[in-house]
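Novice: need coordinates for the below:
(2 chains)
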Amino acid sequence: GESVGLHLPTLSVQEGDNSIINCAYSNSASDYFIWYKQESGKGPQFIIDIRSNMDKRQGQRVTVLLNKTVKHLSLQIAATQPGDSAVYFCAEEDKGGKLIFGQGTELSVKP
Amino acid sequence: GAVVSQHPSWVICKSGTSVKIECRSLDFQATTMFWYRQFPKQSLMLMATSNEGSKATYEQGVEKDKFLINHASLTLSTLTVTSAHPEDSSFYICSARLGAFTDTQYFGPGTRLTVL
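Specialist: Just a heads-up that it's a prediction; the model follows:
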């Protein structure tokens, strides 16, 4: 069945370092992927998205990479800051327009 | 832009009572709204999809008579948890999408429901 999963449930990085959060998806027909950031007690916040006709997209301090060959998605955060500490979810949109969320990775930034 | 609000942000109720949660898109008209439930340390699970003016579509395993969804306007959807029980305690989150598939979903801040 369709599923989106993350390789690492927790990630701890030093402030200023780059962070890489990974995600695997199983539905090769999916063509839209999104990364969300969720802080404790809050709703998910859109970070960046990518469509299947691209393999890389950059935002402010964030980059999403899509490898359709191995069905892998990653989020790179440059110069990680304490404010980046949160749970990060990848999500895949199915053909019905519904989002399927991965399990989440908790990013902890050490000062 | 693309702000979604929820009310209340938290609610505590007694077992057996009903609770209504509102989801509003503040600066855009949302053709479709979604309701999710999230348990601690877990991911978001879609409960139902709500289109303005039509009946909600519930995911498998979600009781439509227990979780009543109304999407009466393009800016408001409500979720009513009827006859709430402690196991319904959770974080309920809505999202709104402007239009067709592959439009970005914007999420509300969530509502923490605690049933005593």
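Novice: all contacts plus neighbour counts: C-alpha atoms, from now on.
Specialist: Fine.
Novice: next, count neighbours for the spatially closest residue to B:Ser73 that is not a sequence neighbour.
Specialist: Of all residues not flanking B:Ser73 in the chain, B:Glu52 sits nearest, at 5.9 Å (CA to CA, 6 or more residues apart in numbering or on different chains). Here the count is done by other CA atoms under 10 Å in any protein chain shown, and B:Glu52 has 19 residues near it.
Novice: for the residue nearest the centre of chain B, give me the pLDDT.
Specialist: For chain B, the residue lying nearest the average C-alpha position, counting by CA atoms, centre = their mean, turns out to be B:Trp35 (3.5 Å). If you check B:Trp35, the pLDDT there is 97.
Novice: got it, and B:Thr104?
Specialist: So, for B:Thr104, pLDDT stands at 81.
Novice: which residues touch the residue nearest to it when sequence neighbours are not counted?
Specialist: The shortest distance from B:Thr104 to any non-neighbouring residue, by CA to CA, 6+ apart, is to B:Arg97 (6.1 Å). For B:Arg97, the contacting residues are B:Ala30, B:Thr31, B:Thr32, B:Met33, B:Asp103, B:Thr104, B:Gln105, B:Tyr106, taking CA atoms under 8 Å, 6 or more residues apart in numbering or on different chains as the criterion.
Novice: what residue ranges in the chain score low on pLDDT?
Specialist: Just so you know, I chose chain A. Low-confidence regions of chain A, defined here as pLDDT under 70, cover residues A:1-8.
Novice: not quite, I wanted chain B
Specialist: Applying pLDDT under 70 to chain B flags the ranges B:1, B:99-102.
Novice: which bits of it sit near chain A?
Specialist: Contact residues of chain B with respect to chain A, defined by CA under 8 Å from any CA of the partner chain, are listed as B:42-46, B:93, B:101-102, B:106-110.
Novice: how does it look with 7 Å?
Specialist: B:Gln42, B:Ser43, B:Leu44, B:Ile93, B:Phe101, B:Thr102, B:Phe107, B:Gly108, B:Pro109, B:Gly110 (CA under 7 Å from any CA of the partner chain).
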